[in-house]
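S.K.: predicted model follows, preceded by the sequence.
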Amino acid sequence: MERRVVITGLGCVSPCGNSPEELWNSLLEGKHGFELAPWFPDQEPDNLNVVARVKNFDPTSVIDKKEVRRSDVITQYAVFCADQALKDAGTDLKDLDSFKVGCVIGSGIGGIETTNEEMFNYREKGNKRVSVFTITKMIGNMAAGTVAIKFGFKGSNFCVTTACATGTQSIGEAFRMIKHGYLDAALAGGTEHADIGFCLASFNNMKAITRSQDVDKASTPFDAERSGFVLGDGCGIVVLEEYEHAKARGAKIYAEIKGYGSTCDAYHETSPDPEGEGGAQAMRLAVEEAGIPFEQVNYINAHGTSTHMNDMTETKAIKAAFGEHAKNIAINSTKSMTGHLLGAAGGVEAIVTALSVKNGKVHRTLGLKNPDPECDLDYVPEGTREMKITAALSNSLGFGGHNGCICLVPVED
């Protein structure tokens, strides 16, 4: 018997705030989290790049100082957000069999700050100066493992690593396990911290990140003058519960997850299929699993990276999936204000989508002033839009051709 799955708790760290409430208010107010960062001090000032950094993050409210030293930032983010999400859900889930509560928390890159630091120690100071905690800090699965240790959840626990589709596919996989009875509840999402120079240099050299030196024009999804994404970091984790359990305890429910689509372009390491067929099929699969008419979908939180290829092909994908109805769908890009949080993006954007469904509001796509003729759908450029959302999709597309999509609907008894 298939079961219903609902979102009952939210936790996030982002360039636009370190709680769902701060993030949501920032988005509704049209405030981005961008700043200039002098990554290349030996070069000319015009090589400054725009980044989206997490600010004022203090993990010690949740994690002991000794444990902070022993963990990478991705794990600190995950534990902090998991604690926040459980508090928001109003439960520690201890009334459930601990083997039926899981953690699916992914990272696209893993503990790369640790890798960077310890490689420096190894090369410059010698092998005895490499920390004994290096391996446990750098491996990507340690965020999910540490969350499980912290909260005592013994169910299925793993790390999805599908680049920028990580967060969405983590939530989708957890949804399926609850739907089919393998779990009763789960913490799911993505975490990422790539706020180091050589990561920016790598993305910069492949011409993926913005060329803009203006923080107010750096991330402009679907705009004709867009020049790439703003590199950011953060974490988004949601509490997923089987509906009857959530209802019985009187839980606050943000939205119900009804469907999940997962595909691969099988086209190129970094470039999406120019026809967008993989992304279109992921959306089709999510809607079909949800068992709703395609015309019921009236909001899409797009991947919307502000790169030329992504925005053009995602537009094609939406048209391929929805046909003429694509023109009736409100589409926005959270990355227009948070930047691209890589493996954490899908987790944070799932939170935004759930809040949109719950509150009947869709934030604007900031910076969209001069629409690209190839991107000719409704991208909500004018400001926050109030609307009754009947069904919503959240899209994530990653290097390697990974495509993930989840379908959320308002809760109905």
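M.R.: Thanks, I have it. Being a predicted model, the structure only gives us computed values, none of them experimental.

S.K.: what's the longest helix along the chain packed up against?
M.R.: Using DSSP state H to define each element, the chain has its longest helix at helix 73-89. Judged by 3 or more CB pairs under 8 Å, 6 or more residues apart in numbering; DSSP states H and E, helix 73-89 is in contact with strand 5-13, strand 101-106, helix 142-151, strand 185-192, strand 234-242. For the C-beta atoms, the positions are set from N, CA and C on the backbone; glycine is no exception.

S.K.: just the angle between the first one and strand 185-192, please?
M.R.: Looking back up the chat, that one is strand 5-13. 30 degrees (axes from the mean of the first three to the mean of the last three CA atoms, to 10 degrees).

S.K.: by mean pLDDT, flag the weakest helix or strand of this structure.
M.R.: helix 197-205 (a mean of 87; mean pLDDT, DSSP states H and E).

S.K.: where does the protein have low pLDDT?
M.R.: Across the chain, the ranges flagged by pLDDT under 70 are 39-48, 413.

S.K.: which residues in it form helices?
M.R.: Under DSSP H, the chain gives helices at 20-28, 65-69, 73-89, 112-125, 134-138, 142-151, 166-179, 197-205, 243-248, 277-290, 308-322, 335-338, 345-359.

S.K.: mind listing residues that contact the shortest one?
M.R.: When you say that, I think you mean helix 335-338. For helix 335-338, the external contacting residues (CB atoms under 8 Å, 6 or more residues apart in numbering) are 14-16, 23, 26-27, 30-33, 52, 219-221, 229-230, 232, 234, 303-306, 341, 345, 348, 363-368.

S.K.: again, only using 6 Å
M.R.: 14-16, 27, 32, 219, 221, 232, 304-305, 365-367 (CB atoms under 6 Å, 6 or more residues apart in numbering).

S.K.: among the residues you listed, which ones are in strands?
M.R.: Counted as lying in strands by DSSP state E, out of the contacts of helix 335-338, are G232.

S.K.: now the buried members of the contacts of helix 335-338.
M.R.: 14-16, 27, 32, 219, 221, 232, 304-305, 365-367 (16 or more other CB atoms under 10 Å).

S.K.: returning to that earlier point: ok, which of the helices and strands packed on helix 73-89 comes nearest D88?
M.R.: D88 lies closest, by CB to CB, to one member of the helices and strands packed on helix 73-89: strand 5-13, at 4.3 Å.

S.K.: how far away is the residue nearest to G367 when sequence neighbours are not counted from S156?
M.R.: Closest residue to G367 apart from its sequence neighbours, by CB to CB, 6 or more residues apart in numbering: T220 at 3.7 Å. If you measure T220 against S156 using CB to CB, to the nearest Å, the figure is 40 Å.

S.K.: so which of these two has more stuff around it?
M.R.: Set side by side, T220 and S156 show more neighbours around T220, with 26 against 19, by other CB atoms under 10 Å.

S.K.: doesn't S227 make contact with the more buried one?
M.R.: No - counting by CB atoms under 6 Å, T220 stays clear of S227, with 8.1 Å between them.

S.K.: re the thing from before, how about the buried ones among the contacts of helix 335-338 in a markdown table, adding distance to L408?
M.R.: What follows is the buried ones among the contacts of helix 335-338, written out as a markdown table (distance: CB to CB, whole Å):
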| residue | distance to L408 |
| --- | --- |
| S14 | 19 |
| P15 | 23 |
| C16 | 20 |
| L27 | 17 |
| H32 | 24 |
| S219 | 24 |
| P221 | 21 |
| G232 | 23 |
| G304 | 17 |
| T305 | 21 |
| T365 | 19 |
| L366 | 22 |
| G367 | 25 |
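
S.K.: contacting residues around F294?
M.R.: Contacts of F294 by CB under 6 Å, 6+ apart are 287, 322.

S.K.: number the chain from 48, please
M.R.: Renumbered: residue one is now 48, and that last one reads F341.

S.K.: ok, it to D142 distance?
M.R.: F341 sits 38 Å away from D142 when distances are taken as CB to CB.

S.K.: swap in A212?
M.R.: For A212, the distance to D142 - CB to CB - is 33 Å.

S.K.: same check, this time on V115
M.R.: In terms of CB to CB, V115 sits 30 Å off from D142.

S.K.: what's the answer for D320, then?
M.R.: 46 Å.

S.K.: who's in contact with stretch 207-219?
M.R.: With contact meaning CB under 6 Å, 6+ apart, stretch 207-219 is reached by 151, 153, 155, 187, 235-237, 307, 309, 389-394, 397, 443, 445-447, 449, 451, 453.

S.K.: my error: substitute stretch 102-118 in the last question.
M.R.: With contact meaning CB under 6 Å, 6+ apart, stretch 102-118 is reached by 60, 65, 123, 126-127, 130, 180.

S.K.: how many other residues sit next to G370?
M.R.: Residues lying near G370 (other CB under 10 Å) number 11.

S.K.: quick one, what contacts it?
M.R.: So G370 contacts nothing (CB under 6 Å, 6+ apart).

S.K.: same question, the one 5 residues further on
M.R.: By CB under 6 Å, 6+ apart, N375 lies in contact with nothing.

S.K.: okay, V115 and D142: which has more neighbours?
M.R.: V115 (16 against 11).

S.K.: please tell me how far that one sits from M253.
M.R.: 33 Å.

S.K.: now do F198
M.R.: Distance from F198 to M253, by CB to CB: 38 Å.

S.K.: same check on Y290?
M.R.: According to CB to CB, Y290 stands 43 Å off from M253.

S.K.: and the two? which has more neighbours close in?
M.R.: Y290 (18 against 11).
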